[in-house]
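Q: predicted coordinates and the sequence they were generated for:
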Amino acid sequence: MESPKLFTFVSELQQETRLARLAFRELRTVVSSVDAERVFLWVEAFLSHAIVISRFLWPTREASLPRGNALREALGVAEDSVLCMKGTRTQLEQVDERYEDWLEQLEEPRYVGMNVMPATALGDFKQDVFHRSLDPDTFKLELRGVLIELRSLEDALRHLETTMEQWKRSHRPW
């Protein structure tokens, strides 16, 4: 990939990373509130930007695969990075189908829509079925049974942001 084009892609990734990290900071601020809707608004904002980053680095379109390879190579992103978000991308990009499949597998179509509570808080009580559940102590999100470690994802984004800054200092588009 030509240097100016690669520089432009890195700049766009940098913007998406800043937005994702801003959403995570806001999430950390509101997680102690009793307003689950605000919590999950920031969870979804964070994940939306993280998925954009993942798609830039691991595109699905055949013609874009070289771009993804060039970006991962330039930025030192490993193939097994949490930024790949394999299961999470499918869960969030095909939300209607995944929701329908999840609902079909429930014994009864009743569940708690949004839960913000430490996983240890239930003790010996029967576990409820949650559509979305966030442990505010660990920032582990369970979305329709799929575990997403938000803190690990944010750590990877912080590292990526640092790497992009260093890369841009040594690569000029002109």
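A: Yes, it's here. Residues are numbered from 1 along each chain as shown.

Q: please point out which parts of the worst-scoring helix or strand of the chain on mean pLDDT sit buried.
A: For the chain, scoring each helix and strand by mean pLDDT, DSSP states H and E identifies helix 86-93 as the least confident one, at a mean of 82. Across helix 86-93, burial judged by 16 or more other C-beta atoms under 10 Å covers 88-89, 91-92. Placement of C-beta: from N, CA and C, glycine included.

Q: need those in CSV with distance to Thr162, can you?
A: CSV is the format used below for those (distance: C-beta to C-beta, whole Å):
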residue, distance to Thr162
Thr88, 23
Arg89, 24
Gln91, 28
Leu92, 26
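
Q: and those, which two are furthest apart?
A: Maximum pairwise distance among the buried residues of helix 86-93 (C-beta to C-beta): 7.2 Å, between Arg89 and Gln91.

Q: pull the longest helix from the chain.
A: As assigned by DSSP state H, the longest helix anywhere in the chain is helix 3-30.

Q: right, and the helix or strand after that one?
A: Reading on from helix 3-30 to the C-terminus, the next helix or strand found by DSSP states H and E is helix 36-57.

Q: and that next one, how far from the chain's centre?
A: 5 Å (C-alpha atoms, centre = their mean, to the nearest Å).

Q: CA atoms only for it, dumped as CSV, please.
A: The C-alpha trace of helix 36-57 is given here as CSV (Å, rounded to 0.1, in the frame of the first residue of the first chain):
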residue,chain,number,x,y,z
ALA,A,36,-28.6,0.9,33.2
GLU,A,37,-29.7,2.6,29.9
ARG,A,38,-26.8,5.1,30.2
VAL,A,39,-24.4,2.4,31.0
PHE,A,40,-25.3,0.3,28.0
LEU,A,41,-25.4,3.4,25.8
TRP,A,42,-21.7,3.8,26.5
VAL,A,43,-21.0,0.1,26.2
GLU,A,44,-22.5,0.0,22.8
ALA,A,45,-20.7,3.2,21.7
PHE,A,46,-17.4,1.7,22.8
LEU,A,47,-18.1,-1.6,21.0
SER,A,48,-19.3,0.2,17.9
HIS,A,49,-16.0,2.1,17.5
ALA,A,50,-14.0,-1.0,18.4
ILE,A,51,-15.8,-3.0,15.7
VAL,A,52,-14.9,-0.3,13.1
ILE,A,53,-11.3,-0.6,14.2
SER,A,54,-11.5,-4.4,13.9
ARG,A,55,-13.0,-4.1,10.4
PHE,A,56,-10.2,-1.9,9.3
LEU,A,57,-7.6,-4.3,10.5
